[in-house]
Each structure stands twice: as structure tokens, then as C-alpha cells.
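[1] with the sequence up front, the predicted model follows.
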Amino acid sequence: MRDLDNLCVNCFAELTEGAVCAECGYDNDTDTGFLYLEKKTLLKDRYAAGAFLKHESDSAVYSGYDTQLDKRIIIREFYPKGIASRLEGSAALHIRQKYTDKIDSYKKSFKNLWTTLQKMHALSAVVPVYDVFEENETVYAIIEYTESIPLREYLLRNEEGYISWERARLMFMPVLTTIEALHANGIVHGSITPDSLMLCRDGKVKLNPFCISECADASSDFEFVETDGYTALEQYDNSHAMSSATDIYAFAACIYRALVGTNPPKATAREANDKLMIPNSIAEQIPMHVIKALGGALQIYPDKRIKSVTQFRELIDAAPSVKANSQSVNTKYSEELDRQHHTDYAKLAKPEKNHGRTVISILSVLIILAIGAGFYAVKSGLIKPQVTTTTEPVSVESYQVPNFAGGGYTRDDVETNGAWNLQFNITFNEEFSKDVEKGIIFKQSVKAGETVEQGTEIVLTVSKGIQTAEVPKDLGGKTLEEATQELEALGFKVSSVEVYNDGSHEKGTVKESYSTAPEAGTVAAVGDEIIIQVYGEVETTTEATTESTTSDSND
């Protein structure tokens, strides 16, 4: 065993120039405090803890050194954020009182995860796990140190920011085998992103790091770290449950990022306005079977998504079984596409190529329901799809009207959809709406589902958002009728309540101060109710005086 005192605690190379390592530049005098393992702490009488690297949801990560094999390693210590801490002078973890009844279950999950991964060392996309053991009232996993860079960094270094499918296929397909093995062992990764897919020197992609599944659920006790575009809808606090489909969504999103060069939209945003953006020039380079596979895997709702890795692998790899049986799994997405849009895409040619990288908006039913026949780039009518022929011209006479007003679509979504603009004569107007977000279509002149002739005009109404007006400041002293007319002219609804009148005010007139709710000068939404305070009948005490006099006379 080498002398630890003369080794850098970050890379474990020999220190030759004082405390700062000549190899990696780490300052070995860096103080990490008492919350983490002290440098050179020996675990299991074998593994030396080195520099603290990071603290993730369920574990602290350290550089490490295997004294027996004279080899650099990575140490993961079960150390859940916000649940555990360390007291000064103690290596054991201290668990917060409110979590003491749950910590054994979480610790068991951590140990099970890394023990399972240890058994999968033969899989190419798994970073080898050497050892898993308990010490310091917690659990440690000893993992091979591998020189690698995240997929995200690799793509950013690429001049174009994306790669071809031929290149991506060699990188991604082996990872599916690993994900499939995890699912077979009841493990959902839950946080597959371009940052957890690591590209190694040998060109292989490995899946790392792993956290227990509780970390991937926003409703759990663990710190939940979402990654926009890769965190599936069911991982947020809602009624959908995490499953194998959660990893399929995230992995498909990584492939999308590699092929397109941009992240998919955030899942919660897609729920309201489901669309993906793809440059036309890139879309033309992606094989159709890959687009179909991504369509099935990127369904926003897990119950509609491809649910098994086997199915996804067959679709994205165009396996012989898929080619021979094209009416099985694959067809359900194409059939759904046809039912919803009634568009004969086979009769429409691709638009002329726009070398300006025209960006087209692909509605969710096109890419998410396994786009059956292609992408169209039409911007402001400058690029018009052409009708192709086989032996004679094809005439498209009628189409079913989509649900423009119920899909969360914007004006841009519709204007950049080549198929819809070919089928219908679409125009727009705008109206204020209290209930619909600004920019979203909420009315259409022809009902969804109706079949109309090609070229039929459809007027789509786009929300201008909430219309507001200021509650007038000069209503005091006016009659109820005058104040009501003024408020209704601004679009408010009006109601009134009577207040005490001491005789100095005319019945039915508006109170001079604090006369309305909301208060005068407040900006309110048009359509809101304004309550006016109006003086009532003058109150007297005649009746009470009479009763008192009568009582006195009887005495």
C-alpha cells in the first residue's frame, strides 16, 4: 500500500509540488468541514475516502482509493439531503427525529439498488460496482472510476450541436439492454438525462449516477431534482404512478436531444400545450421508424406511452419482427393519427427544402402519436406542399376539423402546420378571456369533428388574456342607478348593499368614502362583481320612545 500522506486525495497521484496536485490541480489543503467524511478515512480497512465531490439527493460522493488494488475509485455514501446530518467529531450519520421511522426502509432501498447493480457488472452500460457494505450506521457503494464526459457536454462540443441517427444508434442501443435489466429487477432509474449518460474514452455510453427511486418522486421526503424536458409527468406530484415507462420517456427525450439539438419542452408545459419543435432540415435526416418510436415513447401520459424496453427497442431499431409485422404495435399510433386528423399524408409530398433552418411546430398528435408520414415546413405561406401523383392527379375533397380550441394550441402552432393550412382556410381574431391564458386558441367557428370541404374557412379566436379596468373613484353621492350604469359600462357586474343612514344622506345614494368593494382605484378583471354601498332609509327611534312612554305611564 502506498503512503496516503503523499497522495493527492482527489486523483491519488503522487504529490510533487506541495499541497496543490500537479496532475489535477486540486488543493489538498481544502477544508470540507465536519459534515462529510474526513479525508483519508479508511472504510472497511481498505477504501480510503478522498476529496468530497458532491452531495446528491440520497448520497454524498467522494473520490476514493482502493488500498489493496492500488486503484482510484468512487465512493457513494448513503447520506440523504435534509434527512441526515453529521455531528462534529463523529463519522456516523445523525438522522433527524421525524425520519427515524423511515430511515431503515430508505437505507434498504439504497443497499438493494447498489447490490443489484453490482450483479450487473457484465452489462456494457453499467459502471462496475465493486463492493457494497454497511458502516458508520449507513451504507457505502464502491464504484469504478471511469474517465468520461456527460452526453450533454459531448453534444455541446459538437459543431452542429446534434448527431446523426447512425452515430446515435451505436451509442444508445446498448444502454437499452441495461435499462431493460434494471426494470426486470424492479429498479426504475428515474433520472435519465444527457447528464447521466456518460460517454467514455472507448466510445461506450454508461448510465450513471443512480439514486433510489424515491428521489425521482416529487411527493417523497427526498430532494426532488427535476430536469426540464426529461422528467416525466408522473414524477411530479400527481395521480400518475412511476413505472418502466418513466425511464422510456426520459431515454427517448435524450435521443431526441441528440438528434435534434434542443431539449424537449417541460412535461408539465406539454400537458397544456403539447408540441415539439424540430428544424425541417434535421427532420428530413431522421429515419421514419425512429420518429415513430420516439412518438410512442414521448407520449405525455404514461398509460398511452410505450411501456416496455423490448417494444421500444424493436420500434427504434426497425427489427425484422417489426418489419414483418407492421400491423402490430406500430399501427396503433398511425391509426390513432388517422382517426384524429383524417389526413392522407401518403398523397402529400415533402415541402421544398428551406436552407434557412425553418423551424416547424409539430403538434403532439403528429410526433407523440408516432408521426406516420413526415414533417412539413410551411411558414406564412412561403413554402407550399405539393400534391404528388402516381398515375393521375389526386384530389383531396374533405377533411375532419381538428379540436383547435381544446388542445392548448397557439396561433403560431396552427400557422406553421402545413397540413392544416393546406386543408382549411384559417383566419384569426382575438378576444379577452378570464379563463384562458393569453395567446391560446379557445374558440373555433366550425365544431371539432365536423367534416368539411377542402378550403373551408375556419375562424379561430385567440385569447388576449384578462381584460381589466379601474374601479371609478367618483361614485360617492351618485344614485345607485347612475353608479350601476357607470360600472356596467366598464364591463363589471354590480350588486349593492344598504348601509346605515343617520338622516344626513339621501336614500339610495352611494356612500361618499369606501363606497365599493374592491376599493375605488383598484384594477379588477372585467366581468368581476363590484359591490356598491348605498344609504338606506333614515332610521328613527319613534317607536321605541312610544313603547318606553307607555311603560312609564303604567307604572
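    Okay, I see it. Only a predicted model underlies this, so the values are computations on that prediction, with no experimental measurement involved.
[2] tell me the helices and strands packed up against the longest helix seen in the chain.
    As assigned by DSSP state H, the longest helix anywhere in the chain is helix 165-184. Helices and strands touching helix 165-184, as assessed by 3 or more Cβ pairs under 8 Å, 6 or more residues apart in numbering; DSSP states H and E, comprise strand 205-207, helix 244-260, helix 309-317. For the C-beta atoms, the positions are set from N, CA and C on the backbone; glycine is no exception.
[3] most packed of those?
    helix 244-260 (a mean of 25; mean count of other Cβ atoms under 10 Å).
[4] can I get the CA coordinates of that helix in PDB?
    Output of helix 244-260 as PDB, limited to C-alpha atoms (Å, rounded to 0.1, in the frame of the first residue of the first chain):
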ATOM      1  CA  SER A 244     -40.800   1.500 -16.600                       C
ATOM      2  CA  ALA A 245     -42.500   3.900 -18.900                       C
ATOM      3  CA  THR A 246     -40.900   6.700 -16.900                       C
ATOM      4  CA  ASP A 247     -37.400   5.700 -18.000                       C
ATOM      5  CA  ILE A 248     -38.600   5.100 -21.500                       C
ATOM      6  CA  TYR A 249     -39.800   8.700 -21.700                       C
ATOM      7  CA  ALA A 250     -36.600  10.100 -20.300                       C
ATOM      8  CA  PHE A 251     -34.400   7.900 -22.600                       C
ATOM      9  CA  ALA A 252     -36.400   8.900 -25.700                       C
ATOM     10  CA  ALA A 253     -36.000  12.500 -24.700                       C
ATOM     11  CA  CYS A 254     -32.200  12.000 -24.600                       C
ATOM     12  CA  ILE A 255     -32.300  10.500 -28.100                       C
ATOM     13  CA  TYR A 256     -34.500  13.500 -29.200                       C
ATOM     14  CA  ARG A 257     -31.900  15.900 -27.800                       C
ATOM     15  CA  ALA A 258     -29.000  14.100 -29.600                       C
ATOM     16  CA  LEU A 259     -30.800  14.000 -33.000                       C
ATOM     17  CA  VAL A 260     -32.500  17.500 -32.900                       C
END
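[5] gap between it and the chain center?
    In terms of Cα atoms, centre = their mean, to the nearest Å, the centre of helix 244-260 is found 12 Å from the chain centre.
[6] tell me the mean pLDDT over it?
    Averaging pLDDT along helix 244-260 gives 95.
[7] and after it, which helix or strand comes next?
    Where DSSP states H and E defines the elements, the next helix or strand beyond helix 244-260 is helix 267-272.
[8] what residues does that following helix touch?
    Identification of contacts with helix 267-272 by Cβ atoms under 8 Å, 6 or more residues apart in numbering yields 229, 231-233, 235-236, 249, 264, 300, 364, 408.
[9] now do 10 Å
    226, 228-236, 238, 249-250, 253, 264, 274-276, 298, 300-301, 364, 368, 407-408, 437, 440 (Cβ atoms under 10 Å, 6 or more residues apart in numbering).
[10] so can I have a markdown table of the helices and strands packed on helix 165-184 showing distance to Tyr36?
    Formatted as a markdown table, those follow (distance: least, Cβ to Cβ, whole Å):
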| stretch | distance to Tyr36 |
| --- | --- |
| strand 205-207 | 25 |
| helix 244-260 | 29 |
| helix 309-317 | 37 |
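[11] mind listing the helices for the stretch 351-500 of the chain?
    364-367, 411-415, 418-423, 480-489 (DSSP state H, counting those that start in this stretch).
[12] winner for burial among those?
    Among those, ranked by average contacts under mean count of other Cβ under 10 Å, first place goes to helix 364-367 (a mean of 23).
[13] before we move on, back to that, the contacts of helix 267-272, buried ones only, as a ChimeraX selection?
    Buried residues among the contacts of helix 267-272 (16 or more other Cβ atoms under 10 Å), as a ChimeraX selection:
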select :226,229,230,231,232,233,234,235,236,249,250,253,264,274,275,276,298,300,364,368,407,408,440
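[14] list the contacts for the closest residue in space to Ile83 that isn't next to it in sequence?
    Spatially, and ignoring its direct neighbours in sequence, Ile83 is nearest to Tyr99 (4.8 Å; Cβ to Cβ, 6 or more residues apart in numbering). Tyr99 sits next to 80, 82-84, 106, 221 when contact means Cβ under 10 Å, 6+ apart.
[15] residue ranges with poor pLDDT in the stretch 1-150 of the chain?
    The model of the stretch 1-150 of the chain has pLDDT under 70 over residues 1.
[16] and with 80 instead?
    1-2 (pLDDT under 80).
[17] circling back: closest one to Asn280 among the helices of the stretch 351-500 of the chain?
    helix 418-423 (9.9 Å; Cβ to Cβ).
[18] what's the spacing between Asn501 and Val538?
    5 Å (Cβ to Cβ, to the nearest Å).
[19] again with Gln454
    Gln454 is 72 Å from Val538, by Cβ to Cβ.
[20] do the same with Ser90
    Distance from Ser90 to Val538, by Cβ to Cβ: 80 Å.
[21] list the contacts of the nearest residue to Pro472 once chain neighbours are set aside.
    Using Cβ to Cβ, 6+ apart and skipping the chain neighbours, the partner closest in space to Pro472 is Glu486 (6.0 Å). Taking Cβ under 10 Å, 6+ apart, we find Glu486 in contact with 472, 474-475, 478, 492, 494.
[22] count the residues that sit near Gly521.
    10 (other Cβ atoms under 10 Å).
[23] low-confidence ranges in the stretch 351-500 of the chain?
    351-397, 406-408, 413, 416-419, 434-437.
[24] do that again at 70, thanks
    Checking the stretch 351-500 of the chain against pLDDT under 70 turns up 351-396, 407.
[25] so where do the strands sit in it?
    359-363, 398-400, 425-431, 441-444, 451-453, 457-463, 468-470, 493-501 (DSSP state E, counting those that start in this stretch).
[26] for the third one, which helices and strands make contact with it?
    Okay, so that is strand 425-431. With contacts defined as 3 or more Cβ pairs under 10 Å, 6 or more residues apart in numbering; DSSP states H and E, strand 425-431 has these neighbours: helix 411-415, strand 441-444, strand 457-463.
[27] for it, which residues meet the burial criterion?
    Per 16+ other Cβ under 10 Å, strand 425-431 contains these buried residues: Ile426.
[28] centre of the chain to that strand, how far?
    For strand 425-431, the distance to the chain centre is 30 Å (Cα atoms, centre = their mean).
[29] now do stretch 26-42: distance to the chain's middle.
    The mean C-alpha position of stretch 26-42 is separated from the chain mean by 37 Å, Cα atoms, centre = their mean.
[30] err, stretch 249-266, not the other one
    On Cα atoms, centre = their mean, the centre of stretch 249-266 falls 12 Å from the chain's centre.
[31] host element of Phe110?
    Counting by DSSP H and E, Phe110 is part of helix 103-118.
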